[in-house]
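>>> dropping the sequence and predicted coords here.
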Amino acid sequence: MPNHMPKIDCLVNRISAEGGSPAAEIAPPPPLTTPTTNDDTQPIEPTAQQPSYADILRLSKPGTKESATKKNRKNSVSKRKRTITINRANNDQPPADPLTIRNALISTFRDSQAPPNAVISAAAVNRKNKYVLTTREDCPAATILEYKEILQSTLQRLDNTATAMKPQETWAKVAIHGINIFAYPDDPTGMALLQKELETHNNVRLATLPRYITRPENRVGKKVSSVLVCVTSEALANQLAKKGLLIDC
């Protein structure tokens, strides 16, 4: 089969944030007051000194005073960097209670004299029966993973199927069009063959097996279709979309 460069698209989600706050309104300067005299031609004591126009400008300048919320945001870590996953050797065995795991790990941190911010705020079980831990807003996952060995010991007492603890991985998706569905059938063997083909000839490592985008019934009577592959970074996805991939179809 001849080699060709299929069309590919980068399907990375990009998040844009609009920051900043509207400029503060500047109040007009107060009217100037001139001391008057009473009937006895005695001057009246001037009232308290009014703020100058320069004072008003300085006080109304945005960013002069930061709220406590804004200061806390500067110290917060994104949720992606605060998420830890724990694999299990036997997903058919019911997992332990997530709240029990969370409290046990917090107790382990206290006994280990870990930093005050080394706190696991939430624990859950995902649809694959793996544990998902979320740390406090000012605690990156890397801080927790420094105590991985002692935490692993605590986990084993609660669930002997718990294995590796690792930070959450973020994958980027790339769509590859024009894949020969007869050369690469929609089954584990065919997708493993396609993964090997892509990795061997393009110096790229896929995070998972490729998968066809459309349903099998929608590919009836067709020779080619599109697959979705996952890579480990947005930069790599953009690179593949720009340079293309070589594949034997």
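In hand now; what should we look at?

>>> tally of neighbours for residue 90?
Using other Cβ atoms under 10 Å, residue 90 has 12 other residues around it. (Each C-beta comes from the backbone N, C-alpha and C, glycine too.)

>>> quick check: it is in a strand.
No: with DSSP: H, G, I helix; E, B strand; the rest coil as the criterion, residue 90 is assigned coil and is not in a strand.

>>> could you find the closest non-adjacent residue to residue 182?
residue 223 (7.0 Å; Cβ to Cβ, 6 or more residues apart in numbering).

>>> meant to ask about residue 184
In space, residue 184 is closest to residue 194, 4.3 Å off (Cβ to Cβ, 6+ apart).

>>> tell me who's in contact with that neighbour.
179, 184, 210, 227, 247 (Cβ atoms under 8 Å, 6 or more residues apart in numbering).

>>> if I look at it, how far off is residue 171?
17 Å (Cβ to Cβ, to the nearest Å).

>>> so which of the contacts of residue 194 is surrounded by the most neighbours?
Compared across those, residue 227 has the highest neighbour count, 25 neighbours, by other Cβ under 10 Å.

>>> separation between that residue and residue 234?
19 Å.

>>> and the chain, what are its domain boundaries?
76-167, 170-248 (automatic domain parsing).

>>> just send these back as CSV, with mean pLDDT too.
Below are these laid out as CSV (pLDDT from 0 to 100):
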stretch, mean pLDDT
domain 76-167, 89
domain 170-248, 92
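
>>> what segments of this protein are strands?
For the chain, applying DSSP state E gives strands covering 3-4, 8-10, 83-88, 120-125, 131-135, 162-167, 172-180, 211-212, 224-231, 247-248.

>>> grab the nearest non-local neighbour of residue 216.
residue 186 (6.2 Å).

>>> ok, back up a step: what's the burial count for the residue nearest to residue 182?
12.

>>> show me where the protein has its helices.
Using DSSP state H, the helices assigned to the chain run over residues 53-60, 68-75, 98-111, 141-145, 148-158, 188-202, 234-243.

>>> the third one vs helix 148-158, what angle?
Okay, so that is helix 98-111. Using axes from the mean of the first three to the mean of the last three Cα atoms, to 10 degrees, the inter-axis angle of helix 98-111 relative to helix 148-158 is 140 degrees.

>>> elements contacting helix 98-111?
Other helices and strands packing on helix 98-111, by 3 or more Cβ pairs under 8 Å, 6 or more residues apart in numbering; DSSP states H and E, are strand 120-125, strand 131-135, helix 148-158.

>>> touching that helix from outside, list them.
Contacts to helix 98-111, defined as Cβ under 8 Å, 6+ apart, come from residues 118-125, 131, 133, 147, 150-151, 154-155, 157-159.

>>> the inter-axis angle of it versus strand 162-167?
Using the same axes, to 10 degrees: helix 98-111 against strand 162-167 is 70 degrees.

>>> buried residues, helix 98-111. List them.
Residues of helix 98-111 classed as buried by neighbour count (16 or more other Cβ atoms under 10 Å): 101, 102, 104, 105, 106, 108, 109.
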